[in-house]
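> let me see the structure of the following:
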Amino acid sequence: MQTNRTTILRQMMDWRAAIIAGIVAGVVFMLLNMWLASYYLGNANLPLQLSAAVVLGPSVLPPAAGVGRSVYAAGFILHMLLAIAFACLIAFCLHRWGILVGIVGGAVFGLALYVINYYSLADALSWLAPLRGWIMALSHVIFGAIAGGVYEALERDRFEHVHV
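Below you'll find the predicted structure:
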């Protein structure tokens with residue numbers, strides 16, 4: 001007895017490209033936010049302290065005295081791990097459609113990430129609430145657009161056969 005089985009090709013996600021996209025987008029996001037924090041608030045280290053406070057608690061937030069390199073390292077490590085994870089999620093959702101969808105879809109994802117971070121998580125992480133606004137929204141949109149665009153630019157197309 002022979003069954004009619006159809007074989008289709010399914011595009012595989014490129015994990016290497018997703019991780020690199022997360023690193024690039026994470027570094028750009030951090031540098032942009034450090035510049036904005038320096039320009040508007042006079043404290044370039046604020047983004048690192050905000051990230052560090054997630055794991056170390058609010059005692060590391062300004063005007064904390066004696067905040068050392070370990071706090072900044074914790075903030076940077078957490079930030080980069082999250083950036084890579086979010087870039088992998090963007091890649092997983094958008095890897096089939098090309099660079100334009102990667103950039104635009106990534107930007108939409110970045111905006112959704114902003115809403116989740118600053119309107120949902122701010123209930124538990126109260127120090128995020130005062131930072132709500134167009135500047136943080138725009139920086140999240142830029143993060144998502146860069147992550148999606150870099151992923152699509154670096155992606156190596158690979159396919160697997162799937163029997164249906």
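
> please count neighbours and contacts with C-alpha atoms only from this point.
Will do.

> okay, which residue is most central for this structure?
The centroid of the chain falls nearest to residue 83 when counting by C-alpha atoms, centre = their mean (3.5 Å).

> and that one, what does it touch?
Going by C-alpha atoms under 8 Å, 6 or more residues apart in numbering, residue 83 touches 22-23, 25-26.

> show me where the chain has strands.
Using DSSP state E, the strands found in the chain span residues 7-12, 158-163.

> could you tell me the least trusted of the ones you listed?
Lowest mean pLDDT within those: strand 158-163, a mean of 64.

> now the chain, which segments are flagged as low pLDDT?
Applying pLDDT under 70 to the chain flags residues 1-3, 8-11, 64-66, 159-163.

> all helices of it, in order?
Secondary structure of the chain, counting by DSSP state H: helices at 15-41, 46-56, 69-94, 99-115, 134-154.

> report the buried residues of the longest one.
Meaning helix 15-41. Neighbour-count burial for helix 15-41, counted by 16 or more other C-alpha atoms under 10 Å, picks out 15, 17-30, 32-37.

> please apply the same query to the third one.
Neighbour-count burial for helix 69-94 flags 71-72, 74-76, 78-80, 82-91, 93-94 (criterion: 16+ other C-alpha under 10 Å).

> hmm, back to that, which one of the helices of the chain lies closest to residue 125?
helix 46-56 (7.3 Å; C-alpha to C-alpha).

> pull the residues that contact that closest one.
With C-alpha under 8 Å, 6+ apart, helix 46-56 has contacts from 30, 33-34, 37, 59-62, 71-76, 78-79, 125, 127-128.

> now with 10 Å?
With C-alpha atoms under 10 Å, 6 or more residues apart in numbering as the test, helix 46-56 has contacts from 29-38, 57-62, 64, 67, 70-80, 82, 124-125, 127-128.

> ok, residue 95 - contacts?
So residue 95 contacts 11-14, 18, 88-89, 101-102, 148, 151-152, 155, 157 (C-alpha under 10 Å, 6+ apart).

> please read the previous query as pertaining to residue 153.
Each residue near residue 153 by C-alpha under 10 Å, 6+ apart is listed here: 17, 21, 98-99, 102, 147.

> do that again at 8 Å, thanks
Listed by C-alpha under 8 Å, 6+ apart, the contact set of residue 153 reads residue 99.
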